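Q: Here is a sequence together with a model predicted from it:
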Amino acid sequence: EAERERQEKEATRRTEREYELAMENVSRYEAEKDYEQMSSWADIALSHKPNDPSATDKKEQALRLLATQKEVIRQYNTLMQRAKTCFEEKRWNDAIAQCDMALELNPDSPEARRIKKESKQQLDTEKKVAELITRVDVFMAQKLYAKAIEELDKIKSLQPDNKEANERRKKIQEIYSSHNKTVQSLVDKFNSDNASGDYTEAIKVCEKLVELDSENTRQWAEKLERLKQQVEKLQEQRKHLESIKQKIDEADFHDQYEEVIKLCQDYLAICKEQRVSRLLEKAKKNLAKQNHEKEGSELVNKVKADISDGNFEEAERSLRILRRDHPELASELKSLNKRLFEEQEKFDKSNTREPVRNPVGFTHPRTDDFFNSEPQPNNSTKQNKRKKNPSTQKKSDDFFDEHQGDSIKSTSKRIDSTTNNDFNF
């Protein structure tokens, strides 16, 4: 039994060593991006430890990376084959595009870099030269000599030894130089007048260029038409601005500040003018003042209405707002406070009634059954009772006076809610 246990422990240790060795190889081949070997060693590790989480994860990872790598290699080979085909067929743009996609998959590919570089060189020479020659032919057909010469100069910068381009430039220059100075001087004058806003003079120069510059007749004719339209538009704009100015002055005269603000904003949206900007600011201030005064007037009217309706608390609240926001209405506020005080006092007096006293004792003997039922006292008793009556009467009066005093205190308390201090500002 002991021998069997020893053999099992030895087998376990051996299995553990083999497993660790396999996992070390998995990590090494993963770093080298050799995913086939990584997958194989992951299988070996699993053979020693079936269902081991680490080995299983590495196995799945190796399979995913291997599939991705194979797909990348396949795509790269396909793209390179297309790039070669495009290059042979002198489809330079397509060749460059295929190489760019191939380099995204394999940035260190020397073949892709070479094909791309050569394609660019071919594209930058043959294509540009061919396009420039075509443009020269078009400009010559339109008698646009200056532009034709510019295109031939570009060809010379790309291919200095291009004899055809050099010869054509010489011939065109001879044709162009005869009238170049005259036309150029008119062009300079036109540009100057147009830039400075002297459209009347620019129109005159443009009319001359339509006649003299045959290669640019259409261009100058279009510019001439645009200039005339621009001058007409400016004239209409001036009329419109003058109309707005008149409306601004009229609205300002009648203190219609909202209308002044709107008109000034419309004017400034078209044309910036300092006078109109000042009017706009002035109108804004006047409108704010007008609204402030209107608000104060409305509050004053509200206070008056609340006082008349007996809404004293609401009136006091409005008066607090007036004192806070409208100190310029000090005299009006003083009058309103006084009126509020007086109306409150009247209201409180009208609602404070003298308590009703029930007849007691000697004041109304018919209603006092107690004294009527008393036997007739002797003289001494009557005299004693007369002596006691004042005190009894006083006691009854104190009772009523006590309640009356509470009523007066209550009235005084309500009146004190508005004091003479409210009349002082």
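A: Here it is on my side, so go on.
Q: What is the subsequent helix or strand relative to the strand or helix carrying residue 296?
A: Secondary structure assigned from DSSP states H and E places residue 296 in helix 274-309. Per DSSP H and E, the first helix or strand lying C-terminal to helix 274-309 is helix 312-325.
Q: what's that next one packed up against?
A: Taking 3 or more C-beta pairs under 8 Å, 6 or more residues apart in numbering; DSSP states H and E as contact, the helices and strands that helix 312-325 lies on are helix 274-309, helix 330-350. The way it works is simple: take the backbone N, C-alpha and C, and place the C-beta from them, glycine included.
Q: can you list those in a markdown table and add mean pLDDT?
A: Conversion of those to a markdown table gives the following (pLDDT from 0 to 100):
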| stretch | mean pLDDT |
| --- | --- |
| helix 274-309 | 89 |
| helix 330-350 | 86 |
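Q: Pipe those into a markdown table and attach distance to residue 320 per row.
A: Rendered in a markdown table, the data for the helices and strands packed on helix 312-325 read as follows (distance: least, C-beta to C-beta, whole Å):
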| stretch | distance to residue 320 |
| --- | --- |
| helix 274-309 | 10 |
| helix 330-350 | 10 |
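Q: so where is the stretch 51-200 of the chain shaky, pLDDT-wise?
A: 179 (pLDDT under 70).
Q: Could you rerun that using 80?
A: Screening the stretch 51-200 of the chain residue by residue with the criterion pLDDT under 80, one finds the ranges 65, 67-69, 90, 122, 126-127, 142-144, 159, 161, 178-180.
Q: if I pick the nearest residue to residue 169 once chain neighbours are set aside, what's in contact with it?
A: On the basis of C-beta to C-beta, 6 or more residues apart in numbering, the spatially nearest residue to residue 169 that is not a chain neighbour turns out to be residue 152, at 4.1 Å. For residue 152, the contact set (C-beta atoms under 8 Å, 6 or more residues apart in numbering) comprises 132, 136, 165-166, 168-169, 172.
Q: And for residue 276?
A: With contact taken as C-beta under 8 Å, 6+ apart, residue 276 is in contact with 245, 248, 264, 267-268.
Q: again, but for residue 153
A: With contacts taken as C-beta under 8 Å, 6+ apart, residue 153 has the following neighbours: residue 169.
Q: distance of it from residue 177?
A: As defined by C-beta to C-beta, to the nearest Å, residue 153 lies at a distance of 15 Å from residue 177.
Q: And residue 28, by the same measure?
A: Spatial separation of residue 28 from residue 177 under the definition C-beta to C-beta is 78 Å.
Q: Then residue 70?
A: As for residue 70, its distance to residue 177 is 68 Å (criterion: C-beta to C-beta).
Q: Next: residue 151.
A: Relative to residue 177, residue 151 is positioned 17 Å away (C-beta to C-beta).
Q: Which one's more surrounded, those two?
A: Comparing residue 151 with residue 177 by other C-beta atoms under 10 Å, the one with more neighbours is residue 151, at 24 against 10.
Q: Okay, and that one sits in which element?
A: Using DSSP H and E, residue 151 falls in helix 145-158.
Q: in whichever helix or strand comes after that helix, what's buried?
A: Per DSSP H and E, helix 145-158 leads on to helix 163-196 as the next helix or strand towards the C-terminus. By neighbour count with 16 or more other C-beta atoms under 10 Å, helix 163-196 contains the buried residues 165, 168-169, 172, 176, 183, 186, 189-190, 193-194.
Q: And the helix holding residue 296, what's buried?
A: Along helix 274-309, the positions that meet the burial threshold by neighbour count (16+ other C-beta under 10 Å) are 276, 279-280, 283, 287, 296, 299-300, 302-304, 306-307.
Q: cool, stretch 55-73 as well?
A: Using 16+ other C-beta under 10 Å, the residues of stretch 55-73 that count as buried are 55, 58-59, 61-62, 65-66.
Q: now swap in stretch 73-92 and tell me
A: Within stretch 73-92, the residues that qualify as buried by neighbour count (16+ other C-beta under 10 Å) are 76, 79-80, 82-83, 86-87, 91-92.
Q: could the residues you listed be laid out in a markdown table, adding distance to residue 254?
A: Formatted as a markdown table, the entries for the buried residues of stretch 73-92 read as follows, by distance: C-beta to C-beta, whole Å:
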| residue | distance to residue 254 |
| --- | --- |
| 76 | 83 |
| 79 | 80 |
| 80 | 84 |
| 82 | 80 |
| 83 | 81 |
| 86 | 79 |
| 87 | 82 |
| 91 | 77 |
| 92 | 75 |
